[in-house]
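Enquirer: any chance you could fold what I've pasted below:
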Amino acid sequence: MFATASLPLSITEAREVHVSGNLQQAIDAATPGDTLVLTEGTYEGPLVITKPLTILGNSKAKIIGISSGSVIHVTAPDTRLDGLIVTGSGLSLETQDSGIFLDKEATGAIVANNVVTDNLIGIYVSGAQNVHVTSNQISGRQDLRMNERGNGIQIWNAPGAIIEKNDIRYGRDGIFVTTSEQNIFKDNTMRDLRFAIHYMYTNNSEVIGNRSYGNHIGYAIMSSSDLVVEDNLSEQDRDRGLLFNYAVRVVVKRNIVRGGTEKCIFIYNSHDNYFEENLLSDCAIGIHFTAGSEKNTMTRNAFVNNQNQVKYVGTRWLEWSRDGVGNYWSDQVAMDLDRNGVADSIYRPNDLTDRIIWQYPSARLLLNSPAVQILKYAQGNFPALHPGGVVDSAPLMAIPKSLTDGSKL
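Expert: Okay, the predicted model is just below:
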């Protein structure tokens, strides 16, 4: 059924145990700290781990649940699950059925190099601190509608969690976190989802170097504060590349949103955020912000080939430059006579006619009429006619060099 290694060991010493039969019996018989090495084959779940163990599958051991509850439930600290194939959870969102469920006692758990497929939720970190989830392949249920699926990785109240280098597909959200802090999401790849990364009520955390392809929304930051969102990619996401809703004190740097997205960035009621060196290209709208989203710093960003660079409906003037450095606008026609890299004239990405069209879409039929052309001419020559909006007083003549290297474009 299972056999211990041939070397004699004291009772207090961790052992290496080779398992080929009933895995739950082997878990129950193991000593805390033991390593269970699974031979190639199929093992029956569900499994419950109540003591610190390392379970190694070498990518050849498949653990199959009974389509009810979670396949592996960990309630012990310092447990490592590595190289397993995990499938067959239940389908109840109420009980959070998962491929791997880490309970609050599973502090310091490591979940690495696993294939977690066809479960409701892939990996759930529920209250466990300092967990490391890395290099897993997670694929959700394709036979369910998107809103019926669970998330690839779900986190609740798990300070210190590091989620990195995972490949996630076909769930509801790739990584969903709520009511947590001090989390790091890094170098994950997510596709065919609703949201790639979804933040709710999570503070003092980092989202760095992730890649989102073909999702409805790339990165949704909601009701969270004091975050770092850097070096992420959103490519061919349908609705939004980056979404900020009630987000405060977020540093947003060197992110790329490109290719067919409705809105590169959407900002709703979010304040005191810092946007620098982001590349926003080929979207219907570069940035749409509303609901009093002010006191946000915008500098050294590049707006390239968006149908509308900025959508802002409001009466206040908002300055989008800092310390004499603004942003690059691909549709700006300007001179730089002193050759300092900053255009000699200010840039206004939206005017009164834009506001009219956004509020009354049918007015688009009048865009080429003489009356509209006269209005645009008057606004260009008499700035006092502008009703407020975004102003870049120091627009850049070229895309910042940090965004033009091969890895960015």
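Enquirer: now do the buried residues in the lengthiest strand in the chain.
Expert: Of all segments of type strand in the chain, defined using DSSP state E, the longest is strand 54-64. Under the neighbour-count criterion of 16 or more other Cβ atoms under 10 Å, strand 54-64 has 54, 55, 56, 57, 61, 62, 63, 64 buried. For glycine as for every other residue, the C-beta is placed from the backbone atoms N, C-alpha and C.
Enquirer: now do the same contact list for residue 266.
Expert: With contact taken as Cβ atoms under 8 Å, 6 or more residues apart in numbering, residue 266 is in contact with 240, 242, 243, 244, 287, 288, 289.
Enquirer: got a markdown table for those, with distance to residue 80 and neighbour count too?
Expert: As requested, those are arranged in a markdown table below (distance: Cβ to Cβ, whole Å; neighbours: other Cβ atoms under 10 Å):
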| residue | distance to residue 80 | neighbour count |
| --- | --- | --- |
| 240 | 37 | 25 |
| 242 | 34 | 31 |
| 243 | 35 | 23 |
| 244 | 36 | 29 |
| 287 | 43 | 30 |
| 288 | 45 | 23 |
| 289 | 45 | 24 |
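Enquirer: keep only those of those that are in strands.
Expert: Secondary-structure check on those using DSSP E: residues within strands are 240, 242, 243, 244, 287, 288, 289.
Enquirer: give me the beta-bridge partners of the third one?
Expert: Judged by DSSP bridges, the bridge partners of residue 243 are residue 220, residue 266.
Enquirer: for it, give me its contacts.
Expert: Taking Cβ under 8 Å, 6+ apart, we find residue 243 in contact with 217, 219, 220, 221, 222, 265, 266, 268.
Enquirer: equivalent analysis for the last one, please.
Expert: Remark: with contacts taken as Cβ under 8 Å, 6+ apart, residue 289 is in contact with 265, 266, 267, 268, 270, 296, 310, 311, 312.
Enquirer: then stretch 322-336 to PDB, C-alphas only?
Expert: Extracted as PDB, the C-alpha positions of stretch 322-336 are listed here (Å, rounded to 0.1, in the frame of the first residue of the first chain):
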ATOM      1  CA  ARG A 322       3.600  67.500 -13.600                       C
ATOM      2  CA  ASP A 323       6.700  69.700 -13.100                       C
ATOM      3  CA  GLY A 324       6.700  70.700 -16.700                       C
ATOM      4  CA  VAL A 325       6.300  67.200 -18.100                       C
ATOM      5  CA  GLY A 326       3.100  66.100 -19.700                       C
ATOM      6  CA  ASN A 327       2.100  63.200 -21.900                       C
ATOM      7  CA  TYR A 328       2.500  62.100 -25.500                       C
ATOM      8  CA  TRP A 329      -0.500  62.400 -27.800                       C
ATOM      9  CA  SER A 330      -0.300  60.800 -31.200                       C
ATOM     10  CA  ASP A 331      -3.000  63.100 -32.700                       C
ATOM     11  CA  GLN A 332      -1.300  66.300 -31.600                       C
ATOM     12  CA  VAL A 333       0.100  68.600 -34.300                       C
ATOM     13  CA  ALA A 334       2.600  70.900 -32.700                       C
ATOM     14  CA  MET A 335       6.000  72.500 -32.900                       C
ATOM     15  CA  ASP A 336       9.000  72.300 -30.600                       C
END
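Enquirer: residues of it that come out buried?
Expert: Buried residues in stretch 322-336, counted by 16+ other Cβ under 10 Å: 325, 326, 327, 328, 329, 332.
Enquirer: repeat that for stretch 201-215.
Expert: Of the residues in stretch 201-215, those buried under the neighbour-count criterion (16+ other Cβ under 10 Å) are 202-203, 205-215.
Enquirer: between the buried residues of strand 54-64, which is nearest residue 32?
Expert: residue 54 (10.8 Å; Cβ to Cβ).
Enquirer: what residues are bridge-paired with the closest one?
Expert: Beta-bridge pairing for residue 54 (DSSP bridges): residue 35, residue 80.
Enquirer: doesn't residue 82 make contact with it?
Expert: Yes - with contact defined as Cβ atoms under 8 Å, residue 54 counts as touching residue 82 (7.1 Å).
Enquirer: that's all I had, so thanks and see you.
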